[in-house]
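**Q** here are the coordinates; sequence isn't available:
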């Protein structure tokens with residue numbers, strides 16, 4: 001009785017190399033997806049901070065006496081500097097002004113966010129000094 005030689009049951013060098021190539025391509029794809037996710041988070045964070053700057057500018061503009069035209073400035077949020085432009089214009093509706101603010105990351109031309117608000121030019125009159133609402137002057 002003759003025994004046939006046993007075949008070794010393992011992977012050949014070519015099969016191992018092919019598996020490594022497939023694995024490497026998969027890892028590259030996953031790492032690119034991860035880095036793209038990190039970039040997206042950074043962009044979203046910049047836009048969120050730019051939105052805070054825009055809101056701050058609009059709140060300040062609405063609490064002050066409006067001046068028609070363009071104003072600009074810079075503001076820092078969480079250590080990042082942003083440039084803003086505020087345009088105040090008349091609208092087609094008498095007595096209303098349109099306030100538009102554009103915010104950019106400092107030293108860039110790309111607008112990160114634009115916000116628009118409206119302001120009535122009709123101001124409430126303050127009570128006379130020495131009296132409070134609902135009270136008359138004391139004799």
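**A** Okay, I see it. None of these values were measured; they are calculated from a predicted model.

**Q** where do the strands sit along the protein?
**A** For the chain, strands defined by DSSP state E occupy the ranges 69-77, 80-90, 96-105, 111-120.

**Q** residues contacting the residue nearest to the spatial centre of the chain?
**A** Ranked by distance to the mean C-alpha position of the chain (C-alpha atoms, centre = their mean), the top residue is residue 47 at 1.0 Å. Taking C-beta atoms under 8 Å, 6 or more residues apart in numbering, we find residue 47 in contact with 112, 113. C-betas here are computed from N, CA, C, even on glycine.

**Q** residue ranges with poor pLDDT in this structure?
**A** Under the criterion of pLDDT under 70, the regions of the chain flagged as low confidence span 1-8, 123-139.

**Q** can you give me the helices in the chain?
**A** 13-63 (DSSP state H).

**Q** which ones are touching residue 75?
**A** Residue 75 sits in contact with 53, 56, 57, 81, 82, 84, where contact means C-beta under 8 Å, 6+ apart.
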